[in-house]
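Student: Give me coordinates for this.
(2 chains)
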Amino acid sequence: MKLDEFFVTGEPLIYGGMVAIVLVTSAIIFILTYFKKWKWLWQEWLTTVDHKKIGIMYILSALAMLFRGGMDALMMRAQLAVPNWNFLNAQHYNEIFTTHGTVMIIFMAMPFLIGLMNIVVPLQIGARDFAFPFVNAISFWSFFFGAMLFNISFVIGGSPDAGWTSYTPLAGAAMSPGPGENFYLLGLQLAGIGTLATGINLMVTILKMRAPGMKMFQMPIFTWSSLITCFIIIFAFPILTIALALLTIDRIFGSQFFTLTGEGLPMMWANLFWMWGHPEVYIVILPAFGIFSEVISTFAHKRLFGYNAMVWSIIIIAGLSFLVWVHHFFTMGAGAFVNSVFSVSTMLIAVPTGVKIFNWLGTLYKSKIEFSTAMLWALAFVPSFVIGGVTGVMLGMASADYQFHNSYFLIAHFHYVLIAGTVFACFAGLTYWYPKMFGLKLNERLGKWAFWFFLIGFHVCFLPQYFIGWDGMPRRIFYIMPEWFTLNFISTIGAFGMGIGFAIFIYNVYYSYRYSPREETGDAWGGRTLEWATPTPVPPYNFATLPEVHQLDAFMEMKEKGETTFEEKKLQPIHMPNNSGKPFIMMLILFFASFALVFEWIPLAAIFLAGGFIMMIIRSFDYDEGYHISVAEIKRLERERRGLDHE
Amino acid sequence: MRVNKKGLTLILVAILCLLSGCEQMAIFDPKGPVAESQRNLIVYSLYFMGGIILVVYVAFTIIVIKYRNHKNRTEESYDGNMHGNNLIETIWTVIPILIVTALAIPTVTTLFDLEKPPEASVENSSKDPLVVYATSADWKWIFSYPEEGIETVNYLHIPTDRPIEFRLSSTGSMAALWIPQLGGQKYNMAGMETILYLQADEPGVYKGMNSNFNGEGFAEQKFKVHAEDPGAFQDWVKDKKANAPKLTQKQYDQLIKPGLTDKQTYSSTHLDWVNHGTHAGMDYEISRFRDLYKESIGLERKTVKESIENEK
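Tutor: The predicted structure is shown next:
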């Protein structure tokens, strides 16, 4: 293989990307060496099994991916701003929209939410850790290396270019030769292992490790949404795993599952993809609903309205999410009856979702609304998401969908639900739990600037796209016709507005780190749930003494009764798991195996895969029992972090 | 909070302004019964959606303004433990169910209607549809008229007031035939045949395209539909039947190679030796040309524009 087949050549933008990667990597290596931080990095982060640190790493990676996916978006919008422009050629444009979609869904939205769940869920249920801390570290590193594998494709080997849905036969070996699609398949596969493991891990954690007395219907709503999300993950991800594996075998070993030759079934890919893919959109929206519920309830200073209805609507939405996948290809010609069934089941999802919207309004009714930045994101979600919701119902009407399918109307719809739902929730959740994570609040003034830029940019960007869609502009074309100029130009301006909003948000992280006062109480916002009962920063064991739960909003009750999670008389040594470098090393080896498989270097891939198995065998002989934190140490940590005097 | 309210008002006004311009947008400007029935359904749904948006926005605005944390709040207006009301929760569950029902009924009836040729909207118009095989090749459109014995590439002539029965298939990658002003789309897939009924009532030239992404030449895979009255259509057919060259299999194989091509016309059809909509025709293109997909066609808007200008 020649070097110019290995590295991507001939694109000035990609050369720029290569230079940037080299510069940033060197800078990181220099800084770590100069400040002698390698040991710290290894001991504190790369080998950690602490769910809070893993959560932080998830969120940092997700923010990096949001930057990458956002840059893709801005390049696309730049290309579409002016009719007949030549900023990107067709091939490059195809690669960019493919990576934009994949990165945003798989490597941004899901990890961001899983990161928040990692940090918050054990705290909310009064648990000391995940059920399987070691597995949790494996999950993170599998996601991380999966994301890295996918991301290097644009400089090494070439990006995938068949769309994030990767429809066969286009994505098969015949029509998309080369490593691009292999990067997609193996990057998702590697990350998918982690997601599935997280789903199982978190589900066991929630079901088995709740604080004494906490009944299922006393769990905070975010925990509920996480639990249901875990169920969706456990049922949906195996489908993706199999589909990806079949297509990988098709491409690399020449089998005929989805091909045109050899009697393959290309549409079977679309079915399998969306049997996972539709539940997937609920994997990224249900936790968002949970976050909004928590934020709205906290800053409205009021109990959540219709808690039971909220929980049941999440469960019903999750159930329905498995029964609607055909609405992604109503135009397949499956016939009027099949389309009717899936049309009605699709529209039915609007009912529990509508119930949730009105319950949020009910929560705001007779409340005392405090317009903090987190609350602004949550409030802006309601009117924005409703537009996405009603257009979703329109798309669900199959006979109308024949006109909407694959048009910008669809693009506008899913960006309205995914950005107003998931992205707003990520910002709201990060701002809301930031004090719990880092011991300081984000600056409110900068936060509001970021919010307004992003919100207005979002509407300016995506509202016009409904109308361009009605005018018959299909998605994924790499240039626009003159008659679509005005709305597209407005849309591009909006996209850059969102970019500015994101930049301010990131600047705010830096600014707050420098100038914000440190949190001292642990209960930064007057919270209602148990995560606010811990001191800040949260000690490794979370709760010195486990709280006794009798009702929803357990921390409100504790505050009323004057209870704390630090009762010195009840202290006992706490058992903790040891850090381990094995998850990192194991996934690094599997990363190399996947990389070799991408280039179809089979012997090398086999060697690395064997290495992965050897790591698993080594782990199975691992009798590490962890260690205990002594009562004296707990006392010292708690007194220090709660600002109490020493004895 | 004033800013937010202003923002919302602005958005609403913008929606209204844009909606008033609906008539010019392609799918709100139907030229045939299929597109018209879909337009009517969409407009019908828009009333409901507008209603829902209005209710939520009004309630949201009032609540957010009224219950903001300002100085002159009375104590009665705050109730931190108020957390349920069975009556109102039942109401806001039942109403969405009613709305979904109201939307589902016309959706389903339209779905069944679309599987049949549209009913004649003009008296004396022909009821039996004109059959056109629309085959997507990477990246061009091949239209075969089996009864007339002609084949066109990248353009289409159809008679007005007569249903067209499109038999959709593809030589290779999946595509979707979409002519927004005549009606919604269906997929073209190799080894399968999907039927799409469309009809034009007004003579004119309409835009048609592939709306399902299928690789590098995707954006250029479009065509014009010339709808003309039946007499003019027959003249066009006769002219092409008499003057256009016959299509040989060798020429056809050149034609379906991955790449772009100009408009072409032939006085015979490729259905004589392959029908891509059947299982037998499934791998026709791939088995011949799979190596060609390795080559990028280097498609830039500039190069396409030049080729169009050269054509003139």
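Student: which ones are touching the residue of chain A found nearest chain B?
Tutor: Going by CB to the nearest CB, chain B is nearest to residue A:402 of chain A, at 2.3 Å. For the C-beta atoms, the positions are set from N, CA and C on the backbone; glycine is no exception. Shown in contact with residue A:402 (CB atoms under 8 Å, 6 or more residues apart in numbering or on different chains): A:330, A:331, B:38, B:114, B:183, B:184, B:185, B:186.
Student: and if you look at residue A:482?
Tutor: With contact taken as CB under 8 Å, 6+ apart, residue A:482 is in contact with A:83, A:84.
Student: go on, residue B:87?
Tutor: Residue B:87 neighbours (CB under 8 Å, 6+ apart): none.
Student: Next, the buried residues of whichever strand or helix holds it.
Tutor: Element membership for residue B:87, per DSSP states H and E: helix B:86-114. Judged by neighbour count using 16 or more other CB atoms under 10 Å in any protein chain shown, the buried positions of helix B:86-114 are B:89, B:92-93, B:96, B:99-100, B:103-104, B:106-108, B:110-111, B:113-114.
Student: just these that are near chain A?
Tutor: With CB under 8 Å from any CB of the partner chain as the criterion, those include B:89, B:92-93, B:96, B:99-100, B:103-104, B:107-108, B:110-111, B:113-114 near chain A.
Student: Distance from the chain centre to the helix holding residue B:87, please.
Tutor: 25 Å (CA atoms, centre = their mean, to the nearest Å).
Student: Over to stretch A:210-225?
Tutor: Put simply, stretch A:210-225 sits 22 Å off its chain's centre (CA atoms, centre = their mean).
Student: show me where the stretch 401-550 of chain A has helices.
Tutor: Using DSSP state H, counting those that start in this stretch, the helices of the stretch 401-550 of chain A run over residues A:408-417, A:424-438, A:444-470, A:485-515.
Student: Buried deepest among these, which one?
Tutor: Sort the helices of the stretch 401-550 of chain A by mean neighbour count, taking mean count of other CB atoms under 10 Å in any protein chain shown, and helix A:424-438 sits at the top with a mean of 25.
Student: how about that one, does it reach chain B?
Tutor: No - residues of helix A:424-438 contacting chain B under CB under 8 Å from any CB: none, with a closest distance of 14.1 Å.
Student: so what secondary structure elements neighbour that helix?
Tutor: Counting contacts by 3 or more CB pairs under 8 Å, 6 or more residues apart in numbering or on different chains; DSSP states H and E, helix A:424-438 packs against helix A:51-81, helix A:110-124, helix A:266-299, helix A:373-396, helix A:444-470.
Student: swap the cut-off to 7 Å and go again
Tutor: The contact analysis (3 or more CB pairs under 7 Å, 6 or more residues apart in numbering or on different chains; DSSP states H and E) places helix A:424-438 against helix A:110-124, helix A:266-299, helix A:373-396.
Student: got the residues of the stretch 401-550 of chain A near chain B?
Tutor: Taking CB under 7 Å from any CB of the partner chain as the criterion, the stretch 401-550 of chain A approaches chain B at residues A:402-403, A:405-407, A:459, A:463, A:467, A:470-472, A:474, A:476-479.
Student: Max pairwise distance over those residues: which two?
Tutor: A:402 and A:459 (27.5 Å; CB to CB).
Student: would JSON lines of the contacts of residue A:402 with distance to residue B:80 be doable?
Tutor: Below are those laid out as JSON lines (distance: CB to CB, whole Å):
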{"residue": "A:330", "distance to residue B:80": "46"}
{"residue": "A:331", "distance to residue B:80": "50"}
{"residue": "B:38", "distance to residue B:80": "50"}
{"residue": "B:114", "distance to residue B:80": "53"}
{"residue": "B:183", "distance to residue B:80": "55"}
{"residue": "B:184", "distance to residue B:80": "51"}
{"residue": "B:185", "distance to residue B:80": "53"}
{"residue": "B:186", "distance to residue B:80": "55"}
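Student: confidence score at the most far-flung residue of chain B relative to its centre?
Tutor: Of all residues in chain B, residue B:75 has its C-alpha farthest from the mean position, at 56.5 Å, by CA atoms, centre = their mean. Listed pLDDT for residue B:75 reads 76.
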